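In: Predicted structure and sequence below. I'll ask about it afterward.
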Amino acid sequence: MSLKSENKFETANPEDIYDPDQNYAIITKDIVKIFGDITAVNGLNIKIREGEIFGLLGPNGAGKTTTINMLVGLLKPTSGELFVGGYNVKKELSKIKEIIGVCPQHIAVYKFLTGRENIELFGNLHGINKKEVKSRADNLLNVVEFIETAERKAKEYSGGMLSQLNLLMALISDPEIVFLDEPTVGMDPRARRKIWQFIGSLKEHKKTILLTTHYIEEAEALCDRVAIIDYGELIALGSPKELKEKYNAKNLEEVFLEITGRRILEGI
Ligand SMILES: Nc1ncnc2c1ncn2[C@@H]1O[C@H](COP(=O)(O)OP(=O)(O)O)[C@@H](O)[C@H]1O
Ligand SMILES: [Mg+2]
């Protein structure tokens, strides 16, 4: 599977493309999402490069999940345009589904199946042949040291184990662009570090990763760039190093504090 950008002639309508520089895997253009009287996302403009690990960082309720859900076609924006892999989310969602993996914040697994069965089922649903799914599953399970846990039924899993399973399910289709919404929630520090290492290693395979987190450490450890959002608005954008320098801060928490006068974790 390849990104649309590799085949520029496939562009159905050139006007659908927001930016002539197609080396962006994900673009949000003036995205707004209003739920009743709540503006969850308020004019978000972000461009994420191919091969980048990009973090959406912000307190609870900042609009991170809403943004991901709009990008993967689960929610319709109130206004604005979204592009994933060069495809317009509004018009070409089926193409997008072929190249993305999604690890949702609210975990969806079949509790009466084992971890491995959940992963393989997901692979089969993607139309990958059984032998290939098995070999990919073995590979993933080995890399994250989940091979024994994977033989147990998901109903016995802790929150952290469910998060790990969720992540592997998102990756079984070997997607080009991966959306990870709070991927390490509930994990103990050891598991979290192992998963960080694993997510970092996806970069070598030229995957583009959009990660949301309210763990500052996670964003700093993993992300090439981060967008800090608050009340649905972009308040800072850059590499962790750039942001720390710009705001003369020790970490991204201090950057947030400097800009807003609040702490990211206050709302949790
Ligand atoms: N389906 C919904 N209906 C109404 N309000 C919603 C819905 N989903 C999210 N919100 C509100 O939108 C805001 C952003 O939520 P969310 O995107 O889940 O934030 P985050 O993922 O950053 O914690 C919050 O105020 C939340 O309560
Ligand atoms: Mg969320």
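Out: The structure has been received and is ready for your questions. Residues are numbered from 1 along each chain as shown. Ligands and ions are numbered 1, 2, ... in the order given.

In: use CA for all of it now, contacts and neighbours both
Out: Will do.

In: host element of V102?
Out: V102 is located in strand 100-103, with elements delineated by DSSP states H and E.

In: Can you list the helices and strands that whatever helix or strand comes next after that strand packs against?
Out: Counting by DSSP H and E, the element after strand 100-103 in chain order, helix or strand, is helix 115-125. Here helix 115-125 touches helix 130-143, helix 159-171, going by 3 or more Cα pairs under 8 Å, 6 or more residues apart in numbering; DSSP states H and E.

In: Can you give me the buried ones in the first one?
Out: If you call a residue buried by 16 or more other Cα atoms under 10 Å, then helix 130-143 has these buried ones: 133-134, 136-138, 140-141.

In: which of those residues sit farthest apart?
Out: Pairwise distances across the buried residues of helix 130-143 peak at 11.9 Å for V133 and L141 (criterion: Cα to Cα).

In: joint contacts of the two?
Out: Residues touching both V133 and L141 (Cα atoms under 8 Å, 6 or more residues apart in numbering): none.

In: The residue of the stretch 151-268 of the chain found nearest ligand 1: what's it in contact with?
Out: Nearest residue of the stretch 151-268 of the chain to ligand 1, counting by Cα to the nearest ligand atom: G232, 7.1 Å away. Residues in contact with G232 (Cα under 8 Å, 6+ apart) are 39-44, 62-64.

In: and the residues you listed near ligand 1, which?
Out: Taking Cα under 6 Å from any ligand atom as the test, ligand 1 is in contact with 40, 62-64 out of those.

In: Neighbour-wise, which one of those residues leads?
Out: K64 (27 neighbours; other Cα atoms under 10 Å).

In: distance of it from R262?
Out: 18 Å (Cα to Cα, to the nearest Å).

In: can I get the buried residues of helix 130-143 in CSV with pLDDT?
Out: Formatted as CSV, those follow (pLDDT from 0 to 100):
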residue, pLDDT
V133, 96
K134, 96
R136, 95
A137, 96
D138, 95
L140, 93
L141, 94
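
In: So which of the residues you listed is the closest to I199?
Out: For the buried residues of helix 130-143, the nearest to I199 is L140 (11.5 Å; Cα to Cα).

In: Spit out the contact partners of the closest one.
Out: Neighbours of L140 in contact, by Cα under 8 Å, 6+ apart: 168, 172.

In: And it, how far from A108?
Out: 19 Å.

In: ok, back up a step: present the helices and strands packed on helix 115-125 as a markdown table; the columns should include distance to Y247.
Out: Listed next are the helices and strands packed on helix 115-125 as a markdown table, based on distance: least, Cα to Cα, whole Å:
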| stretch | distance to Y247 |
| --- | --- |
| helix 130-143 | 37 |
| helix 159-171 | 33 |
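
In: Tell me which of these sits nearest to V226.
Out: Taking the helices and strands packed on helix 115-125 one by one with Cα to Cα, helix 159-171 is closest: 20.4 Å.

In: what's the closest one packed up against?
Out: Under the contact definition 3+ Cα pairs under 8 Å, 6+ apart, helix 159-171 sits against strand 100-103, helix 115-125, strand 177-181.

In: The shortest one - which strands sit beside it in the sheet, and in what orientation?
Out: Read it as strand 100-103. strand 177-181 (parallel) (DSSP bridges).

In: What angle do helix 159-171 and the partner strand make with each other?
Out: Counting by axes from the mean of the first three to the mean of the last three Cα atoms, to 10 degrees, strand 177-181 points 160 degrees away from the direction of helix 159-171.

In: Please, where are all the strands along this protein?
Out: 24-35, 38-49, 53-57, 79-84, 87-88, 100-103, 177-181, 208-213, 225-230, 233-238 (DSSP state E).
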